[in-house]
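Peer 1: Build me a model:
(chains A, B, C and D)
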4 protein chains.
Amino acid sequence: MNYNNLFSEINNSLNKKKAQGKVASYIPELSKVDPDKFGVHLTTIDNKHFSIGDANEKFSIQSIAKVLSLTLAYKIEGEKLWERIGVEPSGTPFNSLVQLEYNNGIPRNPLINAGAIVICDILISNLKSPKSDFLKFIRELSGNPTLDFCSRMAESEKITGFRNVALVNLMKSFNNIKNDINIVMDFYYNLCSIEMTCKELARTFLFLTTDGIDPITNKKILTESKSKRINAIMQLCGFYDEAGEFAFKVGLPGKSGVGGGIVAIHPNKYSIVVWSPRLNKKGNSKKGMRFLELFTTKTKSSIF
Amino acid sequence: MNYNNLFSEINNSLNKKKAQGKVASYIPELSKVDPDKFGVHLTTIDNKHFSIGDANEKFSIQSIAKVLSLTLAYKIEGEKLWERIGVEPSGTPFNSLVQLEYNNGIPRNPLINAGAIVICDILISNLKSPKSDFLKFIRELSGNPTLDFCSRMAESEKITGFRNVALVNLMKSFNNIKNDINIVMDFYYNLCSIEMTCKELARTFLFLTTDGIDPITNKKILTESKSKRINAIMQLCGFYDEAGEFAFKVGLPGKSGVGGGIVAIHPNKYSIVVWSPRLNKKGNSKKGMRFLELFTTKTKSSIF
Amino acid sequence: MNYNNLFSEINNSLNKKKAQGKVASYIPELSKVDPDKFGVHLTTIDNKHFSIGDANEKFSIQSIAKVLSLTLAYKIEGEKLWERIGVEPSGTPFNSLVQLEYNNGIPRNPLINAGAIVICDILISNLKSPKSDFLKFIRELSGNPTLDFCSRMAESEKITGFRNVALVNLMKSFNNIKNDINIVMDFYYNLCSIEMTCKELARTFLFLTTDGIDPITNKKILTESKSKRINAIMQLCGFYDEAGEFAFKVGLPGKSGVGGGIVAIHPNKYSIVVWSPRLNKKGNSKKGMRFLELFTTKTKSSIF
Amino acid sequence: MNYNNLFSEINNSLNKKKAQGKVASYIPELSKVDPDKFGVHLTTIDNKHFSIGDANEKFSIQSIAKVLSLTLAYKIEGEKLWERIGVEPSGTPFNSLVQLEYNNGIPRNPLINAGAIVICDILISNLKSPKSDFLKFIRELSGNPTLDFCSRMAESEKITGFRNVALVNLMKSFNNIKNDINIVMDFYYNLCSIEMTCKELARTFLFLTTDGIDPITNKKILTESKSKRINAIMQLCGFYDEAGEFAFKVGLPGKSGVGGGIVAIHPNKYSIVVWSPRLNKKGNSKKGMRFLELFTTKTKSSIF
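Peer 2: Presented below is the predicted three-dimensional model:
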């Protein structure tokens, strides 16, 4: 099937309405992006490519990177990982600090900020050169040896990340952070600063559509069970307190970032990335969610 | 594929360990059940049947019925339904009352008690004879014209249902209950009192595996979109604060009841029901969850 | 000292501003009161009287009655009372249900709704004819043998009291209510329906200014220790989540009601009652609080 | 009245039971103190002195210092102070972070950690040399020109103060901290590190018994109104979630510290300091609270 026509059709129908939502402003560097950028890229497991718009332009993947750090940590630690992080949806957003207190510093899941910070802590404990080892890992996954952190973005997040510092200190008070807080947060901010194009990101997530084996290189990234479990976590926890909405309307496991990117995967079929920087009130790309809703409805490709 | 051998194999491996968990005791009538009952029934979309143990014995389906009342209300009200109920996971169990307060009486989703009570209220507003109309609906779905409420069970729940009465009154104070509280709760307790066998229940849920069309009778129960959306809600909200765990380990949309039943469906393949009354601390069947975990692992049939 | 002039002076200064706040509307019967009623009565321990405005007009004392039911229950049960109710401020208003859940059905203090309901339950367990025995008790305290419940008001509260029904059911689910819920709530609504004049109410509370001994009749109502402890509870818990504000600005133990009444006592000196039905957002009399603030500031009679 | 005999009598009766409670261990430096230290000192407004035990030995006053920083900030800022801090009790301890979120970074009162940190921030904005200016202020109040911070203690708290760092960062994310976090926390840790004897501390708090005018030097520290208001805040918020208990049993405005000290004042009569390092589960001195309960009961000097 050729998706390019469908992409145009959906885009045209969405463009009839005035663009809504606002670019994330709490990170100064993020607020500089052109709000009307728009790109989509779909890669099938047999390496076919479909795209529209700014699909080859770099954008800040932000929280989407949390799936990749989770992948590496899960690969290294195995099920022991879940002694320090849960796998349950977090409920409402203000709960992040609340629930950390109730659960004695154990984050609800690895895709909320607190959980991703614990994953960073775990990687630091396990890797010789955490930042460069992690870069090596995602360069292989993406097939792009030049992927890199964006130090300007990392710095920009650091300056305004008071709430994240609150989270890491609260967890440290419960002894669920083992390394120096500054080193952990430096890794975390760099993780979130990675830039990719829609095409690169779709390719990077392809291993999750094929039970953990990269279909292009045939390299085994994760076991089948672990790969399915990461998809389950994305399905339940990938959109903060809009996870239900996304499952309900789109019906695919996925992850969003405040840069306006969303990646979603259909097991055994494809991975798809949408980028549109205007966010809804929950911090997810407004046009991106709507595009994917129409796409899975028209192609009847919800997993449910 | 013949699943009967696999059922035996999994059951044998589980029986090596001593049975754990306790029968629900807060409803007097429920506590009378033999804790070591065990049955499984799987029905495929082409009407093949596989089973083991007490699969033809009636048990109290309890909260599993909430998917059926949701189905009928969704069919009648359409998307307007979501003005009075959310589609997000609820987080931790104690939050039921807490979150009702924050959200001004709007339950997080239709499968927690508060949400199911609102669904009852909606059905009462829409049906001429709510209880008998509902019975008619599930008799058709199950193909069993003798299905009925269990008045002893309904009465037993009523006597001890103080927390549910708290919920409905709190919602009434926010004007999210339109009918008389006693009538609403009578419907709710009867709804939860329905008894079915594993086989009947598996057959009843078959329409959710086939995009809303009953594959046996070819009757359209729901639109494709609505059917997928109910599956999405089951996936995210079907197991209270263990929804993540179930998605993570079993990987199918499903719903549990404190009677020890679990129904799970695999789109386009089968529906499966497990019954084992001993519950874990979260109120879900202990052996049931473990059985399904091993079953989807061995058959590689997680949807993720 | 003659307070009448001071009363006039304060009243005049307050009347320069347009009256603010709204009469309680959630109880239909309460909303019928003239919002601009205003009365003050002060009674000294040597039975001197000072008043202004509508001080001899009956009004619904509402939650102020909770101090009187507490007094009777404490007299009967002694310190055993505190096994079922705390003595700590409750924090924010929405917490009532939240904190009941955390504290397993133990209300934070006897002056919030949940706590007053437990007190009713205790009185029912201890008194032969709870309602008439209680009437007898307050008739003696007030020196007015015709004091009575207002059945219209009680009925009006009953019709709209869904949140109170939620509270009592939640506590019953924790086994902190021993009697039939309907009987408990009937007593509670009647308790809150009592009507008194400012003068009657000031006289009724006089025993708390004199360490438990009614200075007019010399009858011992409570031990010195118990009397002081009730004052301490009023100081910390008498104004819901404005207790700090009242202590801070007025500096006397006191209790408010949504009927617009406030009683405050100065140990060894006087009791004072203010009535003005317009409430602020926290449900306390707007003019009443301001009047008392000016009064204790000008007379330098804060207890602190 | 000569209190020395009464002190002995109460102490003897308390010593009949085995000492209970544990020295605070979360600050390494604090855990080194001898758990069986015990001292009491009472100073009357006419400069009479009564004491028992280790009343002239220095101990870490910890949170008691928060009343002194509040005094200085209130003196400087006046009522404007309350735009950034509330005056309500905080409810349960775990709420500190929870309530900061609900209240958008506004602490409930100036005596919980979050509130005291905001006070430090305010002093830093207003004082030329915050630490030395503050030292000067308390040296005058205490009449002891050698009072000082304990750098070992401050350092010890800094190393383990992750939760406090979480609080300050959360407030900074709500823009309720204006200065550099490290400077604010350095002041805060130094503030809590001050050491005094029971006698020095009783003398320091004397101005709060006499409406803001130091009765020894006749110097005006605060206006009458402000002085009374600080007493009201101590009464309602001085003992975290045991404020009600302390008001109920002791009946005086006071403040505790995890070093085992408690200061309480009786307006127009005396200030009293008790020191006993063993704490109850709420973090207040076990013997100290019991001593004061017996003292105010026997002397009938509760303010209520």
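Peer 1: From A:L236, how far off is A:L97?
Peer 2: 21 Å (C-beta to C-beta, to the nearest Å). Quick note: C-beta positions are derived from backbone N, CA and C, even for glycine.
Peer 1: Neighbour count for those two, which is higher?
Peer 2: Ranked by neighbour count (other C-beta atoms under 10 Å in any protein chain shown), A:L97 and A:L236 place A:L236 first, with 28 against 18.
Peer 1: Give the full set of residues in contact with that one.
Peer 2: Going by C-beta atoms under 8 Å, 6 or more residues apart in numbering or on different chains, A:L236 touches A:87-89, A:109, A:243, A:247, B:89, B:235-236, B:243-244, B:247.
Peer 1: how about these in CSV, adding secondary structure and pLDDT?
Peer 2: Listed next are these as CSV, based on DSSP: H, G, I helix; E, B strand; the rest coil; pLDDT from 0 to 100:
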residue, secondary structure, pLDDT
A:V87, coil, 94
A:E88, coil, 92
A:P89, coil, 90
A:N109, coil, 95
A:A243, helix, 92
A:A247, helix, 96
B:P89, coil, 90
B:Q235, helix, 97
B:L236, helix, 95
B:A243, helix, 93
B:G244, helix, 93
B:A247, helix, 96
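Peer 1: Now distance to B:Y188 too, for those, in TSV please.
Peer 2: Formatted as TSV, these follow (distance: C-beta to C-beta, whole Å):
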residue	distance to B:Y188
A:V87	31
A:E88	26
A:P89	25
A:N109	31
A:A243	27
A:A247	26
B:P89	21
B:Q235	24
B:L236	22
B:A243	22
B:G244	27
B:A247	27
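Peer 1: Regarding the most centrally placed residue in chain A, what is its secondary structure?
Peer 2: Taking C-alpha atoms, centre = their mean, the centroid of chain A lies closest to A:I64, which sits 1.5 Å from it. Assigned with DSSP: H, G, I helix; E, B strand; the rest coil, A:I64 falls in the helix class.
Peer 1: now swap in A:N47 and tell me
Peer 2: Secondary structure for A:N47, judged by three-state DSSP, is coil.
Peer 1: Excluding chain neighbours, give the residue nearest to it in space.
Peer 2: Leaving out its chain neighbours, the residue that sits closest to A:N47 by C-beta to C-beta, 6 or more residues apart in numbering or on different chains is A:I216, at 6.0 Å.
Peer 1: Looks like A:L135 contacts A:D148 (just checking).
Peer 2: Yes: between A:L135 and A:D148 there is a contact under C-beta atoms under 8 Å: 6.7 Å.
Peer 1: Tell me which of those two has more neighbours.
Peer 2: Between A:L135 and A:D148, A:L135 has the larger neighbour count (other C-beta under 10 Å), namely 17 against 14.
Peer 1: if I look at that one, how far off is chain C?
Peer 2: 45 Å (C-beta to the nearest C-beta, to the nearest Å).
Peer 1: my hunch is that that residue is in a helix, does that hold up?
Peer 2: Yes: checked against three-state DSSP, A:L135 lies within a helix.
Peer 1: ok, now which ones touch it?
Peer 2: A:147-149.
Peer 1: all helices for chain A, in order.
Peer 2: For chain A, the helices defined by DSSP state H occupy A:4-15, A:65-77, A:95-102, A:113-126, A:130-142, A:151-160, A:162-173, A:181-192, A:198-204, A:224-237, A:243-249, A:286-298.
Peer 1: re earlier: now the residue nearest to the centre of chain A, nearest residue through space, not along the chain?
Peer 2: A:G257 (4.3 Å).
Peer 1: List the contacts of that neighbour.
Peer 2: A:60-65, A:192.
Peer 1: repeat that with 7 Å
Peer 2: For A:G257, the contact set (C-beta atoms under 7 Å, 6 or more residues apart in numbering or on different chains) comprises A:61-64.
Peer 1: got it, and A:L167?
Peer 2: Counted by C-beta under 7 Å, 6+ apart, A:L167 has contacts A:96-97, A:100, A:113-114, A:117.
Peer 1: and of those residues, the nearest to chain D?
Peer 2: Of all these, chain D sits closest to A:L97, with 5.1 Å by C-beta to the nearest C-beta.
Peer 1: Quick check: the closest one touching D:E101?
Peer 2: Yes: using C-beta atoms under 7 Å, A:L97 is in contact with D:E101, at 5.9 Å.
Peer 1: returning to that earlier point: which one of the contacts of A:L135 is nearest to chain B?
Peer 2: When these are compared for distance to chain B (C-beta to the nearest C-beta), A:L147 wins out at 26.3 Å.
Peer 1: before we move on, the earlier item: go through the contacts of A:L135 and name the one nearest C:N268.
Peer 2: Closest approach to C:N268 among those (C-beta to C-beta): A:F149, at 71.6 Å.
Peer 1: pLDDT of stretch A:24-41, averaged?
Peer 2: Confidence for stretch A:24-41, expressed as mean pLDDT, is 92.
Peer 1: Show me what counts as buried in that stretch.
Peer 2: Using 16 or more other C-beta atoms under 10 Å in any protein chain shown as the test for burial, stretch A:24-41 gives A:24, A:27, A:29-30, A:33, A:37-41.
Peer 1: likewise stretch A:277-295?
Peer 2: Within stretch A:277-295, the residues scored as buried using 16+ other C-beta under 10 Å are A:277-280, A:282-295.
Peer 1: list the contacts for the nearest residue to A:T204 once chain neighbours are set aside?
Peer 2: Spatial nearest neighbour of A:T204, excluding adjacent residues (C-beta to C-beta, 6+ apart): A:S142 at 4.3 Å. Counting by C-beta under 7 Å, 6+ apart, A:S142 makes contact with A:196, A:200, A:203-204.
Peer 1: by contact count, what packs against the one helix or strand in chain A whose mean pLDDT sits lowest?
Peer 2: Within chain A, no helix or strand scores below helix A:95-102, which has a mean of 77 by mean pLDDT, DSSP states H and E. Where contact means 3 or more C-beta pairs under 7 Å, 6 or more residues apart in numbering or on different chains; DSSP states H and E, helix A:95-102 is packed against helix A:113-126, helix A:162-173, helix D:95-102.
Peer 1: Can you dump the C-alpha atoms of the second one in CSV for me?
Peer 2: Below are the C-alpha coordinates for helix A:162-173, written out as CSV (Å, rounded to 0.1, in the frame of the first residue of the first chain):
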residue,chain,number,x,y,z
PHE,A,162,13.7,23.0,39.0
ARG,A,163,10.9,20.5,39.1
ASN,A,164,13.1,17.8,37.8
VAL,A,165,15.7,18.7,40.4
ALA,A,166,12.9,18.4,43.0
LEU,A,167,12.1,14.9,41.7
VAL,A,168,15.6,13.6,41.8
ASN,A,169,16.2,15.0,45.3
LEU,A,170,13.0,13.4,46.6
MET,A,171,14.0,10.1,45.2
LYS,A,172,17.5,10.4,46.6
SER,A,173,16.0,11.0,50.0
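Peer 1: and it with helix A:181-192, angle?
Peer 2: 130 degrees (axes from the mean of the first three to the mean of the last three C-alpha atoms, to 10 degrees).
Peer 1: and helix A:162-173, how far from the chain's centre?
Peer 2: How far helix A:162-173 lies from its chain's middle: 21 Å, per C-alpha atoms, centre = their mean, to the nearest Å.
Peer 1: Kindly report the same for the shortest one.
Peer 2: The gap between the average C-alpha position of helix D:95-102 and the chain average comes to 22 Å, counting by C-alpha atoms, centre = their mean.
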